[in-house]
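Engineer: Pasting a predicted model and its sequence here:
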Amino acid sequence: MVWRVVDSAKALFDVENYETFVGIQSETAIRALATVYPYDAHEDGGTSLRGNPDDIADKLRQEVQTRLQVAGVEVIEARINHLAYAPEIAQAMLRRQQAQAVIAARQKIVEGAVGMMDMAIRMLSEQKVIELDEERKDTMVNNLLVVLVPEQQVSSVINTGSLYT
């Protein structure tokens, strides 16, 4: 934080030690922001400590300025340059980030698989390679999902249809 005394009378007489007061109020403001804003945004467009450093720095400057006005101190700039959490909280945050990454990857895979299935069914129909009734389309969709979506290499049995058709 960058600050300066603009009213020396307030700094000397309204608080016991203005330098200590600045430190305490700065830490209190950071803690207040950390309770309001998450480390990472969990929704698109959400403000977070890590994702919006300029917005957070501005909010921090305003928060600290409000707290330090009584001491005759002007905050020129305030910024979070290091943010550490307790190990158990950091571990939980890491698990959440990993889960979000897995979900995003799986969504992308499923989107691609659905697009490929749609394209395959459409092309088979347009090129009149084969006529597929609804049951055969369901079987084809199931087979393509089994092949395209798993996390490991496919070694599964492919459904070839019903014996009683």
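Structural biologist: Yes, it's here. Numbering: from 1, shown residues only.
Engineer: residue contacts, residue 137?
Structural biologist: residue 121 (CB atoms under 8 Å, 6 or more residues apart in numbering). C-beta coordinates here come from the backbone N, C-alpha and C atoms, glycine included.
Engineer: Tell me if it really is in a helix.
Structural biologist: Yes. Counting by DSSP: H, G, I helix; E, B strand; the rest coil, residue 137 is part of a helix.
Engineer: Remind me what the helix or strand harbouring residue 107 packs against, helices and strands.
Structural biologist: In the assignment (DSSP states H and E), residue 107 maps to helix 87-126. Packing partners of helix 87-126 (3 or more CB pairs under 8 Å, 6 or more residues apart in numbering; DSSP states H and E): helix 134-148.
Engineer: buried sites along the helix it packs on?
Structural biologist: If you call a residue buried by 16 or more other CB atoms under 10 Å, then helix 134-148 has these buried ones: 139-141, 143-144.
Engineer: Dump those residues to CSV, plus pLDDT and distance to residue 8.
Structural biologist: Shown next, in CSV, are the buried residues of helix 134-148 (pLDDT from 0 to 100; distance: CB to CB, whole Å):
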residue, pLDDT, distance to residue 8
139, 82, 83
140, 79, 81
141, 80, 77
143, 79, 80
144, 77, 76
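Engineer: would you list the residues you listed in CSV and tack on distance to residue 22?
Structural biologist: Formatted as CSV, these follow (distance: CB to CB, whole Å):
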residue, distance to residue 22
139, 71
140, 69
141, 64
143, 67
144, 63
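Engineer: How about residue 59: what's its closest non-neighbour residue?
Structural biologist: Using CB to CB, 6 or more residues apart in numbering and skipping the chain neighbours, the partner closest in space to residue 59 is residue 33 (6.3 Å).
Engineer: what's the one you found in contact with, if anything?
Structural biologist: 49, 56, 59-60, 63, 80.
Engineer: out of those, what pair is the most spread apart?
Structural biologist: With CB to CB as the measure, no two of the contacts of residue 33 lie farther apart than 49 and 63, at 13.3 Å.
Engineer: residues in contact with residue 39?
Structural biologist: Contacts for residue 39 were tallied using CB under 8 Å, 6+ apart; they are 48-50, 83, 85, 93.
Engineer: Counting neighbours, which of those end up buried?
Structural biologist: With burial judged by 16+ other CB under 10 Å, the buried subset of these is 48-49.
Engineer: out of the contacts of residue 39, which one sits closest to residue 126?
Structural biologist: residue 48 (46.6 Å).
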